[in-house]
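Peer 1: following is a predicted model, sequence given first.
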Amino acid sequence: MPNTRFQSIPAAAQTAAPVVLRLRGALARGAWAGATALGVTCASAIMAFLPSSNAFAQTAQPAPAAAPAAPAKASAPKAASGASADVDSEDVAPNANVPREKLPNVALTSEIVFEVLAAELSLQQGNLAPAFNTYIALANRTKDPRMARRSVEIALGARQLGDALVAAKLWHQLDPAWRPASQLLASLEVGTGHLAEAEPLLVEELNKVPEARRGQAILELQQMIARSPERATGIDSLKRMLANDMQRPEAQLAIARSQLDAGDTAGARTSLETALKLKPDYEAAALLYGQMGPAERSGAIASLKTFLDRNPDAKEARFAYAKLLLADNQLDAAQKQFETLEKRYPHELSTLMALALLNLHANHPAQAEQYLQKYATEAEQQNTDGAQAYVYLAQIAQDRKDYPAADKWLSKIREDSNAYLPAQIGRAQLLADQGKVDEGRALLHGIKSSDPREQLALKRAESDLLVKAKRYDDAEKLLAVEVKDHPDDADLLYQYGMVAELNKHYDVMEKAMRRVMTTQPENAQAYNALGYSLTERNTRLPEALKLLQKASSLSPEDPYIMDSLGWVKYRLGDKQQALELLRRAYGIQAQAEIGAHLGEVLWESGQQDEARKTWREALKLDSDDDTLRSTMKRYNVAP
């Protein structure tokens with residue numbers, strides 16, 4: 001079986017929740033004329049340019065609602081009249097201290113009504129340019145900012161930022177005190193590369209942010225500037241806007257981020273050092289500084305240690321210190337810091353998870369289990385999704401073959417969790433591990449979903465169960481139907497090809513892998529799979545070598561690709577290079593199949609004692625590996 005290893009990679013498994021590492025199969029691996037749908041509100045336009053959590057927006061009046069999603073239902077702005085201030089959005093709550101939109105005292109005439117209706121009709125017909133021009137003309141004539149706002153929405157709906165900028169300037173000119181207008185104008189100025197024009201607006205917005213949030217607002221300002229196409233001038237612009245904030249660590253961090261974006265590593269280093277002098281326990285600055293290189297990481301670690309010696313109760317500093325130790329691969333030292341944090345802050349979920357994962361890494365499952373169970377209890381008490389703990393607890397239970405316990409943990413994952421579907425697939429895999437393949441399939445069939453991606457994930461998971469039962473023909477037929485319905489899904493094609501390989505349908509396998517290579521020319525695993533298949537069958541070895549060299553160039557540190565390349569080198573007679581590659585692969589990933597290959601090349605190189613030792617060590621890793629057992633049998637070596 002190819003050492004790319006058969007795995008299903010369900011599309012629906014793209015989730016923030018951690019994966020069950022060994023529950024196989026449960027988780028993976030326009031222009032004016034062409035614009036016909038408007039559906040862009042002023043608020044969504046602002047969100048396209050601003051960070052999702054923006055300090056400015058939190059202190060500002062929300063933008064009024066604009067066009068509904070479908071042009072056919074698009075409503076015109078309320079006509080200018082002597083009526084009270086416009087409140088188009090339910091989000092805008094009356095507040096005597098917050099300025100309202102400035103409306104002109106212009107009578108609603110039949111001519112205005114006609115022009116608005118004509119513009120909206122043009123929108124419904126997909127003719128955005130006439131509608132835009134009509135509203136611009138109305139805004140200039142009536143001085144009604146709502147007309148300008150509508151023209152902004154139309155331009156943004158057509159992704160015409162230049163025209164949107166013209167309309168936004170008019171909107172701001174007509175109502176300079178209305179913050180949504182000034183915020184959007186600033187965003188568009190930045191987004192179109194007019195940083196100098198945006199500076200006064202951005203400084204004005206920054207000065208309106210409460211002092212308690214100014215530091216965060218500075219960082220959000222930098223994020224906005226980073227989106228400008230004029231990055232070369234972005235640093236100077238940011239420094240001018242933060243001239244009165246240079247003694248704030250957030251300002252130094254913001255400048256450092258911009259300097260890194262511009263490739264000014266030396267400048268970023270200086271700015272981060274200044275930030276840490278201003279605030280030695282500044283976690284964000286310490287972590288960024290530590291990521292710049294080994295020397296900087298060592299400096300950040302030393303600086304935080306000195307600070308913690310003087311301030312042992314500094315929680316955020318200790319978190320930063322522990323994270324830097326992890327980044328520096330000082331796992332034992334990091335664990336001690338997390339243990340200190342856990343004693344002082346026993347209800348902190350991130351600390352409990354860090355300790356659990358460190359113990360899993362150190363192969364201490366009992367200790368990891370204790371932390372995960374505590375995490376699960378805390379998550380329930382805090383009304384937080386505990387799925388990631390349940391997943392790891394299931395993994396630990398599965399490792400000791402306690403399938404009922406593993407199923408119990410996965411069953412606790414709620415239906416509203418992102419991990420719910422992968423958990424159900426995992427439960428089906430657990431049944432298959434116990435030889436209950438049909439029960440596992442029934443479980444999958446009982447999961448109802450209207451999402452095509454989830455439906456496909458369930459079919460692919462069912463194929464996994466059939467493969468586990470060595471019902472390769474059934475698995476291949478099932479996937480063939482899905483491939484017909486999803487011909488461009490590279491992951492599905494890859495899985496289909498691997499099942500065809502198991503079913504000895506090598507022509508089907510090769511065709512599938514070739515299609516993957518065509519759609520994803522950088523997919524190293526496709527080259528590896530086909531190259532290894534040819535090598536195993538001892539056919540077209542020069543072609544196999546080229547395929548595996550391509551795979552290696554795309555993913556040079558992948559131990560399985562390294563193993564495949566070593567194996568084809570051996571088949572071609574280059575035992576020395578094969579040994580080098582296989583030793584390195586086994587050193588990176590001690591895996592039974594790689595051990596089988598390494599042992600065979602050692603044996604054929606005259607190193608029979610080392611070969612026996614390697615095979616027996618590999619047996620401890622996986623005593624059921626078919627490749628390893630068949631290799632040892634061929635050389636008459638007892639397990």
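Peer 2: The structure has been received and is ready for your questions. Not measured: the values here are computed from a predicted model.
Peer 1: please enumerate the helices of the stretch 501-639 of the chain.
Peer 2: For the stretch 501-639 of the chain, the helices defined by DSSP state H, counting those that start in this stretch occupy 506-519, 524-536, 541-554, 559-571, 575-588, 592-604, 608-621, 626-634.
Peer 1: save those as a markdown table, and put in distance to Val437, mean neighbour count and mean pLDDT too.
Peer 2: In short, each C-beta sits where N, CA and C put it, glycine included. As requested, the helices of the stretch 501-639 of the chain are exported to a markdown table (distance: least, C-beta to C-beta, whole Å; neighbours: other C-beta atoms under 10 Å; pLDDT from 0 to 100):
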| stretch | distance to Val437 | mean neighbour count | mean pLDDT |
| --- | --- | --- | --- |
| helix 506-519 | 23 | 18 | 96 |
| helix 524-536 | 25 | 26 | 97 |
| helix 541-554 | 32 | 19 | 97 |
| helix 559-571 | 27 | 26 | 97 |
| helix 575-588 | 32 | 19 | 96 |
| helix 592-604 | 23 | 24 | 97 |
| helix 608-621 | 25 | 17 | 95 |
| helix 626-634 | 19 | 16 | 95 |
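Peer 1: out of the ones you listed, which comes closest to Leu357?
Peer 2: Proximity to Leu357 (C-beta to C-beta) singles out helix 575-588 among the helices of the stretch 501-639 of the chain, at 20.3 Å.
Peer 1: rewinding a little: quick one: the helices of the stretch 501-639 of the chain as JSON lines, columns for distance to Ser151 too.
Peer 2: What follows is the helices of the stretch 501-639 of the chain, written out as JSON lines (distance: least, C-beta to C-beta, whole Å):
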{"stretch": "helix 506-519", "distance to Ser151": "42"}
{"stretch": "helix 524-536", "distance to Ser151": "50"}
{"stretch": "helix 541-554", "distance to Ser151": "49"}
{"stretch": "helix 559-571", "distance to Ser151": "56"}
{"stretch": "helix 575-588", "distance to Ser151": "60"}
{"stretch": "helix 592-604", "distance to Ser151": "64"}
{"stretch": "helix 608-621", "distance to Ser151": "67"}
{"stretch": "helix 626-634", "distance to Ser151": "68"}
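Peer 1: and of the ones you listed, who's closest to Glu454?
Peer 2: Glu454 lies closest to helix 506-519 among these, at 22.3 Å (C-beta to C-beta).
Peer 1: and that closest one, what does it pack onto?
Peer 2: Helix 506-519 sits against helix 490-502, helix 524-536, with contacts defined as 3 or more C-beta pairs under 8 Å, 6 or more residues apart in numbering; DSSP states H and E.
Peer 1: mind putting the ones you listed into CSV with distance to Ile425?
Peer 2: Shown next, in CSV, are the helices and strands packed on helix 506-519 (distance: least, C-beta to C-beta, whole Å):
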stretch, distance to Ile425
helix 490-502, 14
helix 524-536, 21
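Peer 1: for Arg269, find the nearest of those helices.
Peer 2: Nearest to Arg269 among these is helix 524-536; the distance by C-beta to C-beta comes to 34.8 Å.
Peer 1: what does that closest one rub up against?
Peer 2: Residues from elsewhere that reach helix 524-536 (C-beta atoms under 8 Å, 6 or more residues apart in numbering): 2-4, 490, 494, 497-498, 501, 506, 509-510, 513-514, 516-517, 520, 540-541, 543-548, 550-552, 554-555, 558, 560-561, 564, 567-568, 571.
Peer 1: hang on, the earlier thing: can you tell which of the helices and strands packed on helix 506-519 is closest to Ala254?
Peer 2: So among the helices and strands packed on helix 506-519, helix 524-536 is nearest, using C-beta to C-beta, at 37.9 Å.
Peer 1: the closest one to helix 626-634, inter-axis angle?
Peer 2: 20 degrees (axes from the mean of the first three to the mean of the last three C-alpha atoms, to 10 degrees).
Peer 1: state the distance from Ala490 to Leu458.
Peer 2: Going from Ala490 to Leu458 by C-beta to C-beta, to the nearest Å gives 19 Å.
Peer 1: so for these two, which sits in the more crowded spot?
Peer 2: Neighbour tally, Ala490 and Leu458, criterion other C-beta atoms under 10 Å: the higher count belongs to Leu458, 22 against 19.
Peer 1: so that one touches Ile447, yeah?
Peer 2: Yes. Contact criterion C-beta atoms under 8 Å: Leu458 and Ile447 qualify, at 6.0 Å.
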